[in-house]
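Trainee: Prediction below, plus the sequence it came from.
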Amino acid sequence: MSLKRAMICSVAALVATAAAVPAQAVLDHYKCYAAKDLKQPQFARTTLPTADQFVATNTEFKSPAFVCNPVSKNGSPIINPNDHLVCYKIKDEQKFDGPNVTVTDQFGTLKLDVKKAKLLCVPGSKTIVP
C-alpha cells in the first residue's frame, strides 16, 4: 500500500470514527490493509445517500478496498480491540472540489486542499478464516 493510500485511509478512518463518538472520547489508531473481494459472496455495488460537513450527495459503493485494525502506535493502548473499519472505493454523484482546511494531529498542523471523496469507511467486525 502506498503512503498516500495509507494516509487517505487513516484520515478516512479518523473521520468515520470521530463522527460516532463524543468529542472527549479517545480514538484508536487504525492500520489499513488492502483487501480484495474473494466473491464468497461477491460484493454488490450499491448507491446510498451520504452527507458530511462538505456535501450531501448520492454515493456509489464500488468495491471493498481496505480492512482496518485498531493498532498500538508508539506503545499506546488499544482502546477498542474489537472495533474495525471496512473501507470502500466510492464515487459521489455530485462533483466536488472542496475548501482548504487546517487539520491538527500528533504530527502537527497542516493546511490541506480537499478534493473529491475516494473512500468511505464503515464500522465492521473481522474474523480470521483458514
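Mentor: Structure's in. What do you need? Numbering: from 1, shown residues only.

Trainee: Quick check: which ranges of this structure have low pLDDT?
Mentor: Filtered on pLDDT under 70, the chain yields the residue ranges 1-25.

Trainee: where along it do the strands fall?
Mentor: 29-34, 46-51, 56-71, 84-92, 100-105, 108-113, 119-124 (DSSP state E).

Trainee: can you list those strands in CSV and add distance to P77?
Mentor: C-beta: built from backbone N, CA, C; applies to glycine. Converted to CSV, the strands of the chain look like this (distance: least, Cβ to Cβ, whole Å):
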stretch, distance to P77
strand 29-34, 10
strand 46-51, 32
strand 56-71, 10
strand 84-92, 17
strand 100-105, 18
strand 108-113, 23
strand 119-124, 20
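
Trainee: Compare these and report which one is nearest to I78.
Mentor: For I78, the closest of the strands of the chain is strand 56-71, at 4.7 Å, according to Cβ to Cβ.

Trainee: Adding mean neighbour count, write the strands of the chain out as JSON lines.
Mentor: Shown next, in JSON lines, are those (neighbours: other Cβ atoms under 10 Å):
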{"stretch": "strand 29-34", "mean neighbour count": "19"}
{"stretch": "strand 46-51", "mean neighbour count": "11"}
{"stretch": "strand 56-71", "mean neighbour count": "17"}
{"stretch": "strand 84-92", "mean neighbour count": "20"}
{"stretch": "strand 100-105", "mean neighbour count": "10"}
{"stretch": "strand 108-113", "mean neighbour count": "9"}
{"stretch": "strand 119-124", "mean neighbour count": "17"}
